[in-house]
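Colleague: Structure, please.
(one chain, ligands or ions: 1)
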Amino acid sequence: MMDHFTIDDRLLALAKQAEIDCKEPFARMDEIAAYNEEKVLAAFMECRVSDSHFKSTTGYGYGDSGRDKLDEVYAKVFRTEDALVRHNFVSGTHALAVALFGVLRTGDRMVSLTGQPYDTMEEVIGLRGEGNGSLKDYGISYDQVDLTPEGTVDFDGIREKCPGCKVAYIQRSRGYSLRESLCIDEIERIIQTVRSVNPEAIVVVDNCYGEFVEKKEPTEVGADLMVGSLIKNAGGGIAATGGYIAGKAKYVELCSYRLTVVGVGKDEGCTLDQNRGMFMGFFFAPSVVCNAVKTNIFALRLFELLGFTSYPSYDAKRTDLIAALVLGSGDRMLAFCQGIQQGSPVDSFVKPEAWAMPGYDDPVVMAAGAFTMGSSIELSADGPMREPYAVWLQGGLTYHTGRVGILLAAQKMLEQGLLPNL
Ligand SMILES: *Cc1c(COP(=O)(O)O)cnc(C)c1O
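Modeller: As a prediction, this is how the structure comes out:
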């Protein structure tokens with residue numbers, strides 16, 4: 001029985017079983033969270049963060065000590081020379097684009113080592129559209145090493161295509177595909193392979209959804225630049241917007257020239273009262289990420305017990321906080337997302353439908369009842385309405401509320417006769 005929600009008894013029994021099965025994977029995540037929370041706390045202390053760093057600035061933002069201090073904290077945690085953490089990054093895609101435009105020049109070549117990058121990067125690179133200022137329009141060429149038919153990284157392909165490239169690009173998380181997300185050990189092997197044929201290549205990692213899921217980050221195993229969104233993991237559900245780029249100082253500087261202006265770089269940019277939320281969010285991030293991954297693991301096990309295929313397996317070693325649940329039909333995707341929406345603290349009364357989204361090829365259905373618009377560290381589910389009709393599930397600020405959302409999604413499907421096993 002649940003006191004505040006109506007959930008079918010058979011679903012509650014399966015949920016109980018799922019939680020018993022998840023005991024070990026949960027314990028592993030708790031251990032990682034403890035490590036990362038300590039790592040972040042130690043960085044705050046070593047950097048001598050003080051309440052004066054939460055002061056707001058306007059205009060040029062000269063002398064904004066909080067802005068500089070936040071860069072220092074990120075660099076300390078991610079073991080990099082420098083970082084650029086700004087609310088002015090409108091999204092992860094923006095931060096990634098700034099990183100690529102920051103370091104690439106006409107005549108250069110970038111190679112994606114992990115197959116087709118995330119959907120929204122296609123226009124940035126110039127795989128879609130023309131004359132709109134993509135990398136391709138500026139004479140920067142693109143190549144990719146496809147994954148093997150089994151969905152694994154093609155190390156021979158990397159050795160073949162990396163010589164002479166300027167940027168070697170790695171996407172850690174699966175994004176809207178069913179490939180495996182890449183754990184840090186695998187990213188380390190990829191980087192070593194790149195270095196063996198091209199020591200000069202700038203290794204850029206799309207770290208979206210990856211921060212704090214493992215004990216190390218890609219920059220700790222050789223990445224030159226790492227990029228992420230603050231409305232995902234690193235913002236801890238508190239940062240209102242923003243993104244970050246962290247890595248080698250000379251590359252971060254080039255990125256800062258692209259974000260603001262050549263010659264000005266990191267020295268300007270007011271923070272409009274965003275600092276406190278960004279500091280606090282980063283402090284909370286390891287714990288919130290742990291809750292999100294646990295919510296994810298619970299969903300994976302529950303839907304496996306309900307007869308669905310999902311990726312990764314609930315007991316897999318995790319490197320991001322995304323799960324793909326293959327539901328097999330548009331009806332089920334809609335019902336699932338409507339249930340997730342119903343279990344959200346904000347806009348629980350709204351009914352999601354599929355619609356055309358800027359940057360995406362197919363109509364997308366999204367459930368997001370979040371405090372921050374579009375935030376996916378908060379419980380959210382979405383997917384393009386196309387084969388294999390899978391929803392990608394992520395987030396959950398707290399485990400117990402995340403669990404309610406998952407149960408309401410299953411309940412919604414049950415009520416519409418869309419659960420084959422019940
Ligand atoms: C979320 C995400 C991005 C960036 O998406 P935005 O919506 O622009 O923040 C890029 N790559 C991956 C793998 C992602 O998950």
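
Colleague: and the stretch 151-300 of the chain, which residues reach the ligand?
Modeller: 171, 173, 175, 206, 208-209, 229 (Cβ under 6 Å from any ligand atom). Just so you know, the C-beta spots here come from the backbone N, C-alpha and C atoms, and that holds for glycine as well.

Colleague: from those, which has minimum pLDDT?
Modeller: pLDDT across those is lowest for residue 175, at 78.

Colleague: Wait, it touches residue 120, no?
Modeller: No: in this structure, residue 175 is not within contact of residue 120 by Cβ atoms under 8 Å, at 9.2 Å.

Colleague: and stretch 102-119, how far apart are its ends?
Modeller: Stretch 102-119 has an end-to-end distance of 20 Å (criterion: Cα to Cα, to the nearest Å).

Colleague: For that stretch, give the mean pLDDT please.
Modeller: 96.

Colleague: Stretch 284-295 too?
Modeller: 98.

Colleague: Find the residue ranges of the stretch 101-250 of the chain scoring beneath the pLDDT cut-off.
Modeller: For the stretch 101-250 of the chain, no stretch is flagged by pLDDT under 70.

Colleague: per-domain residue ranges of the chain.
Modeller: 9-37+285-415, 53-282 (automatic domain parsing).

Colleague: Number of residues surrounding residue 64?
Modeller: 21 (other Cβ atoms under 10 Å).

Colleague: tell me the contacts of it?
Modeller: Neighbouring residues of residue 64 by Cβ atoms under 8 Å, 6 or more residues apart in numbering: 55, 57, 269-271, 275.

Colleague: how about these in JSON lines, adding secondary structure, neighbour count and distance to residue 335?
Modeller: Converted to JSON lines, those look like this (DSSP: H, G, I helix; E, B strand; the rest coil; neighbours: other Cβ atoms under 10 Å; distance: Cβ to Cβ, whole Å):
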{"residue": "55", "secondary structure": "coil", "neighbour count": "14", "distance to residue 335": "48"}
{"residue": "57", "secondary structure": "coil", "neighbour count": "19", "distance to residue 335": "47"}
{"residue": "269", "secondary structure": "coil", "neighbour count": "21", "distance to residue 335": "44"}
{"residue": "270", "secondary structure": "coil", "neighbour count": "17", "distance to residue 335": "45"}
{"residue": "271", "secondary structure": "coil", "neighbour count": "22", "distance to residue 335": "42"}
{"residue": "275", "secondary structure": "helix", "neighbour count": "23", "distance to residue 335": "41"}
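
Colleague: tell me the two of those that are most distant?
Modeller: 55 and 269 (14.6 Å; Cβ to Cβ).

Colleague: For residue 43, which of the domains of the chain is the nearest?
Modeller: domain 53-282 (4.0 Å).

Colleague: what kind of secondary structure is the residue nearest in space to the middle of the chain in?
Modeller: Nearest to the geometric centre of the chain sits residue 209, at 2.2 Å (Cα atoms, centre = their mean). Going by DSSP: H, G, I helix; E, B strand; the rest coil, the secondary structure assigned to residue 209 is coil.

Colleague: That one contacts residue 231, correct?
Modeller: No: under the contact definition of Cβ under 8 Å, residue 209 does not touch residue 231, with a separation of 11.2 Å.

Colleague: shared neighbours of the two, anything?
Modeller: residue 376.

Colleague: what's around residue 225, how many residues?
Modeller: 28.

Colleague: was I right about it contacting residue 245?
Modeller: Yes: between residue 225 and residue 245 a contact is recorded at 6.1 Å, counting by Cβ under 8 Å.

Colleague: what sits in contact with each of the two?
Modeller: By Cβ under 8 Å, 6+ apart, the residues touching both residue 225 and residue 245 are 99, 252, 255.

Colleague: which one of these is nearest residue 363?
Modeller: Nearest member of the shared contacts of residue 225 and residue 245 to residue 363, counting by Cβ to Cβ, is residue 99, at 29.4 Å.
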